[in-house]
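Participant: Could you work out the structure for the sequence below:
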Amino acid sequence: MSGRNWVTVRTVACLMASVLFIVIAARGASSREPAIGQGFGFAYDPVQEITLVGVVKRLVSQPATGSPIGLHLLILSDGKVVDVHLGPYVSRENQRALRAGELVQVIGVNENVHSKNVLLARQLVFHGHLVTVRNERGFLVRNRESLRKVHDSKTVMNGGIQ
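Facilitator: Residues are numbered from 1 along each chain as shown. Take a look at the predicted model:
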C-alpha cells in the first residue's frame with residue numbers, strides 16, 4: 001500500500017472511531033439523565049400521586065438500613081401500616097405535633113426502595129396545617145414557609161381531616 005493510501009485509511013479510521021466514541025458517550029449520558037423528579041435515586045412522578053388518610057402510629061427518626069434518610073412516619077390506613085418518608089427538613093414543632101393517634105392526610109408517590117414500599121410524601125395535613133415536604137417535582141423542600149394554615153372547610157372539619 002502506498003504512503004498516500006495509508007494516510008487516508010488512518011484518517012478514515014480515526015474519524016470512525018471518533019464518531020463511535022461520541023455515539024457511545026451520548027448514549028451513556030442519556031441513560032444517566034434523571035427521570036421526572038429524579039433525586040437521590042427516587043423517581044417522583046406527579047401523575048402517580050395518591051392521597052392517604054390514616055392514624056399516626058409513630059414517628060421514626062432512625063430509619064432501618066436501606067430506607068431513605070430522614071424522618072419516617074408510620075401510618076395505619078385501611079388496616080395496613082404505611083411507611084411515609086418525610087425527609088430531614090420537617091420542623092421540630094411539626095415533629096412534636098405528629099404524635100401517635102393523630103389523624104393525618106398525606107399526598108405522595110409510592111416508591112419501592114430495596115424491596116420495601118415507601119410513600120414519598122409531598123404534602124402532609126394535620127391539625128389544620130399543610131406541611132409541604134416536597135415540591136411538585138419531588139425534591140425535598142427546606143424553608144420556613146413550608147407550614148401554613150389550611151382554610152378550606154372541605155379539607156379540615158371538626159378538628160380532623162375529612
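Participant: use CA for all of it now, contacts and neighbours both
Facilitator: OK.
Participant: domain parsing for this structure?
Facilitator: As assigned by automatic domain parsing, the chain contains the domains 1-33, 46-161.
Participant: Which of those domains has the lowest mean pLDDT?
Facilitator: Mean pLDDT per stretch puts domain 1-33 lowest among the domains of the chain, at a mean of 54.
Participant: and the closest residue to His114 other than its chain neighbours, how many residues sit next to it?
Facilitator: Once flanking residues are discounted, His114 sits nearest to Gly66: 6.4 Å by C-alpha to C-alpha, 6 or more residues apart in numbering. Close neighbours of Gly66, defined as other C-alpha atoms under 10 Å, add up to 10.
Participant: likewise Gln48?
Facilitator: 10.
Participant: Report the separation between it and Tyr89.
Facilitator: To Tyr89, Gln48 is 23 Å away according to C-alpha to C-alpha, to the nearest Å.
Participant: What segments of this structure are helices?
Facilitator: Using DSSP state H, the helices of the chain run over 3-32, 92-97.
Participant: who's in contact with the closest residue to Glu136 other than its chain neighbours?
Facilitator: Distances taken as C-alpha to C-alpha, 6+ apart place Pro46 nearest to Glu136, at 6.7 Å, with adjacent residues excluded. By C-alpha atoms under 8 Å, 6 or more residues apart in numbering, the residues touching Pro46 are 109, 136-138.
Participant: and Asn117, what is it in contact with?
Facilitator: Going by C-alpha under 8 Å, 6+ apart, Asn117 touches 83, 110-111.
Participant: how does it look with 7 Å?
Facilitator: In this structure, Asn117 makes contact with 110-111, judged by C-alpha atoms under 7 Å, 6 or more residues apart in numbering.
Participant: Bridged to it, which residues?
Facilitator: For Asn117, the beta-bridge partners under DSSP bridges are Asn112.
Participant: Val81 too?
Facilitator: With DSSP bridges as the rule, Val81 is bridged to Leu76.
Participant: Thr51 now?
Facilitator: As for beta bridges, Thr51 partners with Ile107 under DSSP bridges.
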